[in-house]
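In: this one's structure only:
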């Protein structure tokens, strides 16, 4: 498999989505679809893909992220609908759907909306919370009040971003190559030609976090009647800090809500399982774990 994916663009649901493809459609079946977390992008999966030899793999930049269009709305149900529309446009059948964090939410929704598209799902520490959390709604009134709205946006280049992050948690716990990919493909040239800006603008990332409240997915989960593995990081303890990703935001009982759910606790990992251990993530994708 080539290390350099092919880049594609497609209009779905009123936005241009960019997706990357490794291998060929006639490679070892089934196709693997990878969906990233809030604020991330498709190329964060590169080191996982490198451990999926001979496979046909697709990774998408969700709207507002990476090279995809920055067209609203940025609600969580919209991300799931976008993944569903892309799956239908590509004619995927019996694929393996993999989603990290918000990507897990999106893949689960797409599986409910497009029966037959997936043969099984791997939800990597998905941000699918307990039903009572959705009922209580969100903590912030608007995106400007969310901490991510204040993220540094301007950079000289991706190397400056890497140098700033590599010694800081949570990034210092990541595989170094994954962090490099996160930075290299996580910035875009500034429109004024003065350096680079984040490929997921802070205001968009903040609005996505705010939009997670009230997006109850449990009615759709009942419709996902294929094997689903939920990987969970170490559980949170004490008061719940919604921006503490040293532990898992996933509801511990989530797997039991899927008709064919399986729960796997990885209590030596933080929320960033694919970034910390791409080899382990690949093993779960391939079903060897």
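Out: Perfect, I can see it now. Quantities reported herein were computed from a predicted structural model and do not represent experimental measurements. Numbers count the residues shown, from 1 in each chain.

In: contacts, neighbours, all on C-alpha from now
Out: Will do.

In: per-residue pLDDT, the nearest residue to residue 289 once chain neighbours are set aside?
Out: What sits nearest to residue 289 in space, not counting adjacent residues and going by CA to CA, 6 or more residues apart in numbering, is residue 283, at 5.9 Å. In this model, residue 283 is scored at 98, pLDDT.

In: return the distance of the nearest residue to residue 86 once chain neighbours are set aside relative to residue 84.
Out: Taking CA to CA, 6+ apart, and ignoring the residues beside it in sequence, residue 86 has residue 12 as its nearest neighbour in space, at 6.7 Å. Shown here: residue 12 relative to residue 84, a distance of 10 Å by CA to CA, to the nearest Å.

In: which of these two has more neighbours?
Out: When neighbours are counted by other CA atoms under 10 Å, residue 12 and residue 84 differ, and residue 84 comes out ahead with 24 against 16.

In: now that one: how far from residue 38?
Out: The span separating residue 84 from residue 38 equals 18 Å under the rule CA to CA.

In: over to residue 196?
Out: With distances taken as CA to CA, residue 196 is found 20 Å from residue 38.

In: give me the phi and psi angles of residue 183.
Out: phi -80, psi -50 (degrees, to the nearest 10).

In: in the worst-scoring helix or strand of the chain on mean pLDDT, which residues are buried?
Out: None of the helices or strands of the chain scores lower by mean pLDDT, DSSP states H and E than helix 131-136, at a mean of 78. Neighbour-count burial for helix 131-136 flags residue 134 (criterion: 16 or more other CA atoms under 10 Å).

In: do the same with stretch 222-233
Out: For stretch 222-233, a neighbour-count test (16+ other CA under 10 Å) marks 223-226, 228-233 as buried.

In: just stretch 270-281 next, same as before
Out: Within stretch 270-281, judged by 16+ other CA under 10 Å, the buried ones are 270-279, 281.

In: strands of the stretch 101-250 of the chain, start to end?
Out: For the stretch 101-250 of the chain, the strands defined by DSSP state E, counting those that start in this stretch cover 118-124, 154-155, 187-189, 196-198, 228-233.

In: redo those strands as a markdown table? Include distance to residue 179.
Out: Formatted as a markdown table, the entries for the strands of the stretch 101-250 of the chain read as follows, by distance: least, CA to CA, whole Å:
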| stretch | distance to residue 179 |
| --- | --- |
| strand 118-124 | 18 |
| strand 154-155 | 16 |
| strand 187-189 | 13 |
| strand 196-198 | 15 |
| strand 228-233 | 19 |
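
In: okay if I get the ones you listed as a markdown table plus mean pLDDT?
Out: Listed next are those as a markdown table, based on pLDDT from 0 to 100:
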| stretch | mean pLDDT |
| --- | --- |
| strand 118-124 | 98 |
| strand 154-155 | 96 |
| strand 187-189 | 97 |
| strand 196-198 | 97 |
| strand 228-233 | 98 |
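
In: which one of those lies closest to residue 94?
Out: Put simply, out of the strands of the stretch 101-250 of the chain the one that sits nearest residue 94 is strand 118-124, at 4.1 Å, with distance taken as CA to CA.

In: what helix or strand is residue 38 located in?
Out: Following DSSP states H and E, one finds residue 38 outside all helices and strands.

In: residue contacts, it?
Out: For residue 38, the contacting residues are 101-103, 205, 208-209, taking CA atoms under 8 Å, 6 or more residues apart in numbering as the criterion.

In: equivalent analysis for residue 67, please.
Out: With CA under 8 Å, 6+ apart as the criterion, the residues that contact residue 67 are 17-18, 61, 199.

In: before we move on, back to that, from the buried residues of stretch 222-233, which is closest to residue 160?
Out: Nearest to residue 160 among these, with distances taken as CA to CA, is residue 233, at 29.6 Å.

In: hmm, who's touching stretch 154-165?
Out: The list of residues contacting stretch 154-165 from outside it, by CA under 8 Å, 6+ apart, reads 171-172, 179-180, 183-187, 194-198.

In: what of stretch 23-35?
Out: The contact list for stretch 23-35 (CA under 8 Å, 6+ apart) reads 1-2, 42, 45, 54-62, 92, 94-100, 103-104, 106-107.
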